[in-house]
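[1] Give me the fold of what follows.
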Amino acid sequence: MSTLVALNQQVSESRITLEDAIRGRRSVHYFTPGVTITDAQWKKLFELTAMSPSSFNFQPWDFVVVDEASRKLQLLPLCWGQQQIVDCAAVVAVLGDKNPHRRDKQILQQFKDNGYIDEATKQAYLGAVDVVYPDEARKIEHAVGGANLAAMTFMLTAHGMGLATLPMIGFDPDGVRKFLKVPDDYVITMLLTVGKSAERDLPRQQRRGFEDIVHWDTFRG
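    The predicted structure follows:
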């Protein structure tokens, strides 16, 4: 059995609990080169990612997957020369849609068809879109928030399937936008490298404790 085949078999799915996925997921900076992700794995990854919550169920996310070696090499200088870009199996650009309400009639009709709302409520929701997205700043806020929820689902799903990920904000946003031909009405919220971890088994970095991050009634209340 070749090393590549053996490594690809190691990224087959494993069933773990949600708590195990949350506690076990790490941000991985070192990947094993030469690993590929199958079509079936990609399909499951994104099917579960699409289950992420979003305002009005507008699903303000899209993804661009770069898995060809030559394309990753071209992406490398736009990501400050970070080696994980070329060593990982794929780079996934997470896009936040600033205009997801382009699907409002279709999605709100689904709400009605599924028994969640009536016609009057549907019409009221259609009228509320301009209130929810009144200006560019709020459009960006909703796009980034929604897309990043999906990114977290992606990372947890990947971990549950035996894959490693790294969320990255260290890249040239304009250069990556041009390289990936991303339209102006989308925000590139992050890049995710995904593949097989080659990192040492180090202890998890400490997290702030319950008493430090939880506030009751008011901030510092």
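
[2] And the pLDDT for the closest residue to F63 other than its chain neighbours?
    In this structure, F63 finds its nearest non-sequential neighbour in V92, 5.5 Å apart by C-beta to C-beta, 6 or more residues apart in numbering. Every C-beta, even on glycine, is put in place using the N, C-alpha and C of the backbone. Predicted confidence (pLDDT) for V92: 98.

[3] change the start of the numbering to 619 and stick with it
    Understood, numbering begins at 619; the last thing we discussed is V710.

[4] Please name the bridge partners of V710.
    Each beta-bridge partner of V710 is listed here, defined by DSSP bridges: V683, L810.

[5] Can you give me the neighbour number for it?
    V710 has 25 neighbours, counted by other C-beta atoms under 10 Å.

[6] what's near enough to touch it?
    By C-beta atoms under 8 Å, 6 or more residues apart in numbering, the contact list for V710 reads 681-684, 772, 809-812.

[7] please redo it, this time with the cut-off set to 6 Å
    681, 683, 810 (C-beta atoms under 6 Å, 6 or more residues apart in numbering).

[8] Which pLDDT value belongs to the closest residue in space to S815 that isn't next to it in sequence?
    What sits nearest to S815 in space, not counting adjacent residues and going by C-beta to C-beta, 6+ apart, is A782, at 3.7 Å. pLDDT, the model's per-residue confidence, is 96 for A782.

[9] A782 is in contact with V812, isn't it?
    No. Taking C-beta atoms under 6 Å as the contact criterion, A782 and V812 are not neighbours in contact, 7.1 Å apart.

[10] picking up where we left off before, neighbour-wise, which of the contacts of V710 leads?
    L810 (21 neighbours).

[11] What number of residues are in the vicinity of the residue nearest to S815?
    Neighbour count for A782, taken as other C-beta under 10 Å: 27.

[12] What residues are bridge-paired with it?
    When bridges are taken as DSSP bridges, the partners of A782 come out as G813.

[13] For D753, see how far away it is.
    Distance, A782 to D753, by C-beta to C-beta, to the nearest Å: 39 Å.

[14] sorry, back to before: would you mind measuring from the residue nearest to F681 to L744?
    Taken as C-beta to C-beta, the spacing of V710 relative to L744 amounts to 33 Å.

[15] next one: R825
    If you measure R825 against L744 using C-beta to C-beta, the figure is 42 Å.

[16] quick one, which of those two is more surrounded?
    A count of neighbours by other C-beta under 10 Å puts L744 above the other of R825 and L744, at 13 against 8.

[17] Quick check: buried residues in the helix or strand hosting the more buried one?
    Taking DSSP states H and E as the definition, L744 sits inside helix 737-750. By neighbour count, with 16 or more other C-beta atoms under 10 Å as the criterion, the buried positions of helix 737-750 are 740, 743.
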